[in-house]
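Novice: Whatever this is, show me its structure:
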Amino acid sequence: MNDKELRARLIERLTADGHLRTGPWREAVSAVPRHEFLREGFFREVDGSTPTAWTPVMPDDPRWPAACYDDVSLVTQIAGTIVPGDVRGEIMRAPTSSSTLPGLVVRMLEDLQVDAGHRVLEIGTGTGYSTALLCHRLGNDSVTSVEVDENVSTRARTALGHCGFAPDLIVGDGLAGHRAGAPYDRVIATCGLLTIPRELIEQTRPGGIVLIPLCGWLYSSELARLTVHQDGTASGRLLGGQISFMLARPHLPPPLGLLPDLDDGDERPAVLGPDALDDWTTRFVAQLAAPRAQHVTLTREDRTEHLFLDVDTGARAMLREHHGRWTVRQNGPSRLWDAVEAHLTRWRDAGAPPLEEFEITLTSEQPTITWPGR
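Specialist: Next up, the predicted model:
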């Protein structure tokens, strides 16, 4: 298949899956060649590798053309600086930039509810593919995109130029927005955020929309769409769908460091075990109670233990199973597992409403998220 045929196949799939819903975005996906934004290759996960290993796939690889139009995310940078052309063989480091799966890209653009004449601020340029779709729909002068990584931004600028697009590309901290171009009608973030920066709200005109992947360190994330009000507050809903994005670099969790004495603290029977968090929705609700807690699985004395630790405050909860029952030992300035259990109990008592029914109110950077009956 040539690239036009691959694009047509992608459009069919995104339409069938319900991500691509309107004509203008269908025209944009048809017009913008995703492969042009992957000319420097991408990394493919090595099957069965533990820890995860990555191997480069370059444009001369027979797999490359079709893979560019698969509805999957493609890793384009590892460890903050390493690109596919730097690697021969395999590498075992964490991904730091990617080309998001097209289905999620177009779903977010549809959910952004843009219209002709709108000016859009994009947080996280990445490869530039979503930026190009915005430019095709709205025109170069209506699109500003901010990228923290200068090298990533430079590669995106080159790819956008090859496709005939010239938006305003800024190298800087996207969480601060770009005040010089404000106010914007729409703001969209293509990275996960723990909080919603006030700058993004302040740079959006009243009535404008901010679309944010809202995350936590338990790694359940959901799209939040908020409308900005005249008084500087914002409100909206979660959109559901179990989306996943790399966290914005300033919002990455801190290193765990030297673990504390895990046998110290107050112990009690646990109402809920850590297996309750295997479910995406339940984990998101738990995360609202402990957004900065990290979950670590440990093996000690031939048994598996689950540590929930807030590095900044030192609060921690260690859960252990004994004869089919869980206990929790907690220490620090707050009781993490008490908060998680209480939050989940209130949610379940309300009938466990789906995330799409959750309401968001924002008066500071930390949003207040509630559900019906709470």
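
Novice: Now do the helices in the stretch 51-200 of the chain.
Specialist: Counting by DSSP state H, counting those that start in this stretch, the stretch 51-200 of the chain has helices at residues 64-67, 102-111, 129-138, 150-162, 198-202.

Novice: Ignore what I typed, I meant the stretch 201-350 of the chain.
Specialist: All helices of the stretch 201-350 of the chain, identified by DSSP H, counting those that start in this stretch, fall at 280-289, 336-349.

Novice: Reformat the helices of the stretch 51-200 of the chain as CSV; add mean pLDDT, mean neighbour count and distance to A180.
Specialist: The way it works is simple: take the backbone N, C-alpha and C, and place the C-beta from them, glycine included. What follows is those, written out as CSV (pLDDT from 0 to 100; neighbours: other Cβ atoms under 10 Å; distance: least, Cβ to Cβ, whole Å):
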stretch, mean pLDDT, mean neighbour count, distance to A180
helix 64-67, 95, 16, 38
helix 102-111, 97, 22, 24
helix 129-138, 98, 25, 18
helix 150-162, 96, 18, 16
helix 198-202, 95, 19, 12
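
Novice: In JSON lines: the ones you listed, plus distance to V32.
Specialist: Shown next, in JSON lines, are the helices of the stretch 51-200 of the chain (distance: least, Cβ to Cβ, whole Å):
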{"stretch": "helix 64-67", "distance to V32": "16"}
{"stretch": "helix 102-111", "distance to V32": "10"}
{"stretch": "helix 129-138", "distance to V32": "5"}
{"stretch": "helix 150-162", "distance to V32": "10"}
{"stretch": "helix 198-202", "distance to V32": "25"}
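
Novice: Indicate which one of those is closest to L211.
Specialist: Across those, L211 has its closest neighbour in helix 102-111 (6.1 Å, Cβ to Cβ).

Novice: Show me what the closest one packs onto, helices and strands only.
Specialist: helix 3-16, helix 23-31, helix 129-138, strand 222-228 (3 or more Cβ pairs under 8 Å, 6 or more residues apart in numbering; DSSP states H and E).

Novice: winner for burial among these?
Specialist: helix 129-138 (a mean of 25; mean count of other Cβ atoms under 10 Å).

Novice: Just give me how far that helix sits from the chain centre.
Specialist: Chain-centre distance of helix 129-138: 20 Å, with Cα atoms, centre = their mean, to the nearest Å.

Novice: begin at 31 from here
Specialist: Yep, numbering from 31; the last one is helix 159-168 now.

Novice: and the nearest residue to R228 once chain neighbours are set aside, how many neighbours does it have?
Specialist: Residue nearest to R228 in three dimensions, not counting chain neighbours: E395, with 5.6 Å by Cβ to Cβ, 6 or more residues apart in numbering. Neighbour count of E395, defined by other Cβ atoms under 10 Å: 15.

Novice: Shouldn't E395 be within a helix?
Specialist: No. E395: not assigned to a helix; according to DSSP: H, G, I helix; E, B strand; the rest coil it is coil.

Novice: Relative to E75, tell me which of the helices of the stretch 81-230 of the chain wins on proximity.
Specialist: Smallest distance to E75 across these (Cβ to Cβ): 12.2 Å, for helix 94-97.

Novice: Which other helices and strands does the closest one contact?
Specialist: Looks like helix 94-97 contacts helix 33-46 (3+ Cβ pairs under 8 Å, 6+ apart).

Novice: Could I have the CA atoms of the helix it packs on written out in PDB?
Specialist: Extracted C-alpha coordinates of helix 33-46, given in PDB (Å, rounded to 0.1, in the frame of the first residue of the first chain):
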ATOM      1  CA  ASP A  33       0.800   6.200   2.000                       C
ATOM      2  CA  LYS A  34      -2.600   7.600   0.700                       C
ATOM      3  CA  GLU A  35      -4.000   4.100   0.800                       C
ATOM      4  CA  LEU A  36      -2.700   3.600   4.400                       C
ATOM      5  CA  ARG A  37      -4.200   6.900   5.400                       C
ATOM      6  CA  ALA A  38      -7.600   5.900   3.900                       C
ATOM      7  CA  ARG A  39      -7.400   2.600   5.900                       C
ATOM      8  CA  LEU A  40      -6.600   4.500   9.100                       C
ATOM      9  CA  ILE A  41      -9.600   6.800   8.500                       C
ATOM     10  CA  GLU A  42     -11.900   3.800   8.100                       C
ATOM     11  CA  ARG A  43     -10.600   2.400  11.300                       C
ATOM     12  CA  LEU A  44     -10.800   5.600  13.400                       C
ATOM     13  CA  THR A  45     -14.300   6.200  12.000                       C
ATOM     14  CA  ALA A  46     -15.500   2.700  12.900                       C
END
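
Novice: Spell out which residues make up each domain of this structure.
Specialist: Domain segmentation of the chain under automatic domain parsing yields 131-279, 296-379.

Novice: tell me the most buried of these?
Specialist: Most buried of the domains of the chain, by mean neighbour count (mean count of other Cβ under 10 Å): domain 131-279, with a mean of 20.
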